[in-house]
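Novice: Need a 3D model of the following:
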Amino acid sequence: MSDFLRDYLTVVWFGLAALVLGSLLLGLAALVRPVKPNASKLIAYESGVDPVGIGWSQSQIRYYVFALLFVIFDVEAVFIFPWAASIERYGTFGLVVMLAFIVLLLDGLLYAWKRGLLRWV
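Specialist: Residues are numbered from 1 along each chain as shown. Sure, this is the predicted structure:
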């Protein structure tokens, strides 16, 4: 087996160890926790305020769109960081490609701003 694949095998072993350990700890917690069912435990609770009416309410889509836009632009920052850390290796071509990438991101941001998706109202 090559050293390259051996490095990935190490990652797989650590991933499996994490899954097994997490499963064991969750199973152990399920076995030792106290189980005392009570009707008051099943009601909705938010910041110490007693619930009024039913616990279901419809959320507006703008909150999901705002969160999705945050995730998109946050993940794109993860793509920019490795490029900035090794900018000398990529040269002029890397600079032009990254500038095109940033322009596309800014175009998406301006589109969302013009559509009013960034207003938190």
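Novice: pretty sure residue 105 contacts residue 69?
Specialist: No. With contacts counted by C-beta atoms under 8 Å, residue 105 stays clear of residue 69, the gap being 11.1 Å. Every residue, glycine included, has its C-beta placed from N, CA and C.
Novice: what secondary structure does the residue nearest to residue 87 when sequence neighbours are not counted sit in?
Specialist: When the adjacent residues along the chain are set aside, residue 87 lies closest to residue 94, with 6.7 Å between them (C-beta to C-beta, 6 or more residues apart in numbering). Under DSSP: H, G, I helix; E, B strand; the rest coil, residue 94 falls in the helix class.
Novice: Surely residue 94 is in contact with residue 82?
Specialist: No. Using C-beta under 8 Å, residue 94 is not in contact with residue 82; the gap is 10.9 Å.
Novice: Settle it for me: which of these two has more neighbours?
Specialist: residue 94 (14 against 9; other C-beta atoms under 10 Å).
Novice: hey, where'd the helices end up in the protein?
Specialist: 3-32, 61-85, 87-114 (DSSP state H).
Novice: okay, now the domains of this structure?
Specialist: 1-35, 56-121 (automatic domain parsing).
Novice: Pick out the shakiest of those domains, pLDDT-wise.
Specialist: Mean pLDDT values for these show the minimum at domain 56-121, a mean of 84.
Novice: how much distance is there from it to the middle of the chain?
Specialist: In terms of C-alpha atoms, centre = their mean, to the nearest Å, the centre of domain 56-121 is found 14 Å from the chain centre.
Novice: deepest of the domains of the chain, which one?
Specialist: The highest mean neighbour count among the domains of the chain, using mean count of other C-beta atoms under 10 Å, belongs to domain 56-121: a mean of 11.
Novice: With that, I have no additional questions.
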